[in-house]
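**Q** with the sequence up front, the predicted model follows.
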Amino acid sequence: MKRKLIIIISIILIAIIGGCIYYFYNNYDSNLVDPNSIQTDADYVDITYNQEENILEEEVLGILTIERIGLKATVKEGSNNKILKDYIGHIENTSTYDGNIALAGHNRGNQYSYFARINELEKGDIITYQTKFYTRNYKVDNIQTIFETDWSLLENTKENKLSLITCIANKKNQRLCVQATEITANDL
(Lines give C-alpha, C1' and ligand atoms only; values in the text may rest on other atoms or scores of the structure.)
Protein backbone atom coordinates (compact mmCIF):
# COMPACT_ATOMS: atom_id res chain seq x y z
CA MET A 1 0.00 0.00 0.00
CA LYS A 2 2.82 2.40 0.88
CA ARG A 3 4.51 1.67 -2.42
CA LYS A 4 1.35 2.55 -4.42
CA LEU A 5 0.95 5.77 -2.45
CA ILE A 6 4.58 6.76 -3.12
CA ILE A 7 4.14 6.06 -6.84
CA ILE A 8 0.92 8.11 -7.02
CA ILE A 9 2.49 11.03 -5.14
CA SER A 10 5.57 10.86 -7.40
CA ILE A 11 3.41 10.96 -10.54
CA ILE A 12 1.44 13.92 -9.19
CA LEU A 13 4.65 15.82 -8.33
CA ILE A 14 6.15 15.11 -11.76
CA ALA A 15 2.93 16.36 -13.42
CA ILE A 16 2.93 19.54 -11.30
CA ILE A 17 6.61 20.26 -11.95
CA GLY A 18 6.18 19.56 -15.67
CA GLY A 19 3.16 21.86 -15.82
CA CYS A 20 5.07 24.64 -14.06
CA ILE A 21 8.02 24.32 -16.42
CA TYR A 22 5.70 24.35 -19.45
CA TYR A 23 3.83 27.42 -18.14
CA PHE A 24 6.94 29.45 -17.38
CA TYR A 25 8.63 28.48 -20.64
CA ASN A 26 5.63 29.60 -22.70
CA ASN A 27 4.65 32.64 -20.65
CA TYR A 28 7.96 34.07 -19.52
CA ASP A 29 7.74 37.80 -20.21
CA SER A 30 11.36 38.73 -20.76
CA ASN A 31 12.70 41.84 -22.41
CA LEU A 32 15.42 41.53 -25.01
CA VAL A 33 17.44 44.22 -23.28
CA ASP A 34 17.70 45.83 -19.88
CA PRO A 35 15.68 49.00 -20.46
CA ASN A 36 17.39 50.82 -17.59
CA SER A 37 20.79 50.49 -19.20
CA ILE A 38 20.11 52.75 -22.19
CA GLN A 39 19.95 56.56 -22.14
CA THR A 40 17.50 58.03 -24.68
CA ASP A 41 14.47 60.19 -25.14
CA ALA A 42 11.39 58.59 -23.63
CA ASP A 43 8.60 60.69 -25.13
CA TYR A 44 6.39 59.10 -27.73
CA VAL A 45 2.89 59.21 -29.15
CA ASP A 46 0.88 56.01 -29.69
CA ILE A 47 -0.33 55.36 -33.23
CA THR A 48 -1.54 52.30 -35.16
CA TYR A 49 -1.40 51.20 -38.76
CA ASN A 50 -4.82 50.25 -40.07
CA GLN A 51 -3.92 47.78 -42.84
CA GLU A 52 -7.38 47.93 -44.42
CA GLU A 53 -7.42 51.72 -44.73
CA ASN A 54 -3.63 52.19 -45.00
CA ILE A 55 -3.61 54.91 -42.32
CA LEU A 56 -2.05 55.42 -38.92
CA GLU A 57 -4.30 55.43 -35.86
CA GLU A 58 -3.74 55.38 -32.11
CA GLU A 59 -2.11 52.35 -30.37
CA VAL A 60 1.25 51.68 -32.06
CA LEU A 61 4.22 53.78 -33.06
CA GLY A 62 4.51 53.26 -36.80
CA ILE A 63 5.00 51.04 -39.83
CA LEU A 64 8.23 49.30 -40.79
CA THR A 65 8.60 48.42 -44.48
CA ILE A 66 11.46 46.48 -46.05
CA GLU A 67 10.58 45.79 -49.68
CA ARG A 68 13.58 43.51 -50.31
CA ILE A 69 12.20 40.89 -47.91
CA GLY A 70 8.48 41.65 -48.36
CA LEU A 71 7.98 43.09 -44.88
CA LYS A 72 5.32 45.63 -43.90
CA ALA A 73 4.32 45.52 -40.25
CA THR A 74 3.21 47.69 -37.38
CA VAL A 75 5.49 48.69 -34.52
CA LYS A 76 4.17 48.81 -30.97
CA GLU A 77 5.81 50.00 -27.76
CA GLY A 78 7.48 47.19 -25.80
CA SER A 79 9.72 44.19 -26.41
CA ASN A 80 8.10 41.52 -24.25
CA ASN A 81 6.65 38.28 -25.61
CA LYS A 82 3.08 39.60 -25.46
CA ILE A 83 3.94 42.49 -27.81
CA LEU A 84 6.24 40.46 -30.07
CA LYS A 85 3.51 37.86 -30.58
CA ASP A 86 1.59 40.23 -32.87
CA TYR A 87 3.87 43.19 -33.60
CA ILE A 88 7.39 44.39 -34.08
CA GLY A 89 8.33 45.80 -30.69
CA HIS A 90 10.02 49.09 -29.92
CA ILE A 91 12.70 48.37 -27.31
CA GLU A 92 11.89 50.41 -24.24
CA ASN A 93 14.17 53.32 -23.36
CA THR A 94 15.61 53.58 -26.84
CA SER A 95 14.81 56.58 -28.98
CA THR A 96 11.30 56.75 -30.36
CA TYR A 97 11.64 59.18 -33.27
CA ASP A 98 15.10 60.75 -33.50
CA GLY A 99 18.44 59.11 -32.80
CA ASN A 100 18.82 55.33 -32.60
CA ILE A 101 15.43 53.60 -32.74
CA ALA A 102 15.75 49.96 -31.65
CA LEU A 103 13.13 47.44 -32.79
CA ALA A 104 12.77 43.75 -31.93
CA GLY A 105 10.89 40.95 -33.65
CA HIS A 106 10.51 37.20 -33.73
CA ASN A 107 12.08 35.31 -36.63
CA ARG A 108 10.51 31.87 -36.14
CA GLY A 109 8.07 29.88 -34.03
CA ASN A 110 5.35 32.49 -34.08
CA GLN A 111 2.38 33.29 -36.30
CA TYR A 112 3.86 36.74 -36.94
CA SER A 113 7.60 36.15 -37.24
CA TYR A 114 8.20 39.51 -38.88
CA PHE A 115 12.00 39.30 -38.69
CA ALA A 116 12.17 35.81 -40.26
CA ARG A 117 14.10 37.18 -43.23
CA ILE A 118 16.18 40.05 -41.84
CA ASN A 119 19.19 37.74 -42.02
CA GLU A 120 18.87 38.15 -45.81
CA LEU A 121 19.46 41.90 -45.65
CA GLU A 122 22.71 43.28 -47.02
CA LYS A 123 24.54 46.56 -46.71
CA GLY A 124 22.85 49.10 -48.96
CA ASP A 125 19.31 47.71 -48.59
CA ILE A 126 16.60 50.31 -47.90
CA ILE A 127 14.27 50.29 -44.88
CA THR A 128 11.33 52.69 -44.54
CA TYR A 129 9.87 53.69 -41.18
CA GLN A 130 6.65 55.69 -41.11
CA THR A 131 5.28 57.37 -38.00
CA LYS A 132 2.50 59.87 -37.49
CA PHE A 133 5.10 62.63 -37.80
CA TYR A 134 7.32 61.51 -40.68
CA THR A 135 8.37 58.86 -43.16
CA ARG A 136 12.11 58.19 -43.23
CA ASN A 137 14.27 55.99 -45.38
CA TYR A 138 17.30 54.22 -43.94
CA LYS A 139 20.15 52.37 -45.63
CA VAL A 140 21.58 49.23 -44.02
CA ASP A 141 25.20 49.87 -43.07
CA ASN A 142 25.98 47.42 -40.25
CA ILE A 143 25.07 43.75 -39.77
CA GLN A 144 26.57 41.84 -36.88
CA THR A 145 26.04 39.20 -34.26
CA ILE A 146 25.99 40.49 -30.69
CA PHE A 147 25.61 38.92 -27.28
CA GLU A 148 22.23 39.35 -25.60
CA THR A 149 23.93 41.41 -22.90
CA ASP A 150 25.67 43.78 -25.36
CA TRP A 151 23.50 46.87 -25.60
CA SER A 152 26.17 49.19 -27.00
CA LEU A 153 24.63 49.19 -30.49
CA LEU A 154 21.33 50.37 -28.99
CA GLU A 155 22.75 53.50 -27.39
CA ASN A 156 21.40 56.78 -28.70
CA THR A 157 23.18 58.49 -31.59
CA LYS A 158 23.17 61.99 -33.08
CA GLU A 159 22.31 60.61 -36.50
CA ASN A 160 18.98 58.89 -37.08
CA LYS A 161 19.38 55.11 -37.09
CA LEU A 162 17.26 51.98 -36.95
CA SER A 163 18.60 48.96 -35.06
CA LEU A 164 16.68 45.74 -35.74
CA ILE A 165 17.27 42.94 -33.22
CA THR A 166 16.24 39.27 -33.39
CA CYS A 167 17.34 35.94 -31.96
CA ILE A 168 19.69 33.56 -33.76
CA ALA A 169 18.63 29.92 -34.12
CA ASN A 170 20.52 27.55 -31.80
CA LYS A 171 22.53 30.43 -30.25
CA LYS A 172 20.57 31.25 -27.12
CA ASN A 173 22.89 34.05 -25.93
CA GLN A 174 23.34 35.80 -29.28
CA ARG A 175 21.27 38.22 -31.35
CA LEU A 176 21.40 39.43 -34.93
CA CYS A 177 21.58 43.23 -35.12
CA VAL A 178 20.91 44.97 -38.45
CA GLN A 179 21.52 48.71 -38.37
CA ALA A 180 20.56 51.32 -40.93
CA THR A 181 21.25 55.05 -41.08
CA GLU A 182 18.80 57.66 -42.37
CA ILE A 183 19.28 58.79 -45.95
CA THR A 184 17.76 61.59 -47.99
CA ALA A 185 15.60 61.16 -51.08
CA ASN A 186 18.69 61.98 -53.17
CA ASP A 187 20.46 58.93 -51.75
CA LEU A 188 17.78 56.46 -52.89
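**A** Yes, it's here. Bear in mind that the values here come from a model prediction, so they are computed numbers and not experimental data. Numbers count the residues shown, from 1 in each chain.

**Q** so which residues of this structure form strands?
**A** 47-50, 55-60, 62-66, 71-77, 88-90, 100-104, 126-131, 135-147, 161-168, 171-183 (DSSP state E).

**Q** need those in TSV with distance to N110 and mean pLDDT, can you?
**A** Backbone N, C-alpha and C define where each C-beta goes, glycine included. Output for the strands of the chain, formatted as TSV (distance: least, CB to CB, whole Å; pLDDT from 0 to 100):
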stretch	distance to N110	mean pLDDT
strand 47-50	19	42
strand 55-60	17	59
strand 62-66	16	95
strand 71-77	12	93
strand 88-90	12	93
strand 100-104	12	95
strand 126-131	21	95
strand 135-147	21	95
strand 161-168	11	93
strand 171-183	16	93
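
**Q** of the ones you listed, which is nearest S113?
**A** Nearest to S113 among the strands of the chain is strand 161-168 (8.9 Å), distances taken as CB to CB.

**Q** mind listing what's buried along the closest one?
**A** K161, L162, S163, L164, I165, T166, C167 (16 or more other CB atoms under 10 Å).

**Q** correct me if wrong: the fifth one contacts G89.
**A** No: taking contacts as CB atoms under 8 Å, I165 lies outside contact range of G89: 9.3 Å.

**Q** mean neighbour count, the strands of the chain: which tops it?
**A** Across the strands of the chain, averaging neighbours per residue (mean count of other CB atoms under 10 Å) puts strand 100-104 on top, at a mean of 27.

**Q** mind checking the end-to-end distance for stretch 107-122?
**A** Distance between the boundary residues of stretch 107-122 (CA to CA, to the nearest Å) amounts to 17 Å.

**Q** thought A102 was touching E92?
**A** No: A102 is beyond contact range of E92, at 9.1 Å (criterion: CB under 8 Å).

**Q** and the spatially most central residue of the chain, how close does it get to L5?
**A** Centroid-nearest residue in the chain: A104, 1.2 Å away (criterion: CA atoms, centre = their mean). Distance of A104 to L5, computed by CB to CB, to the nearest Å: 49 Å.

**Q** still on that earlier bit, adding distance to I16, write the strands of the chain out as TSV.
**A** Below are these laid out as TSV (distance: least, CB to CB, whole Å):
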stretch	distance to I16
strand 47-50	41
strand 55-60	38
strand 62-66	42
strand 71-77	35
strand 88-90	33
strand 100-104	33
strand 126-131	46
strand 135-147	35
strand 161-168	30
strand 171-183	26
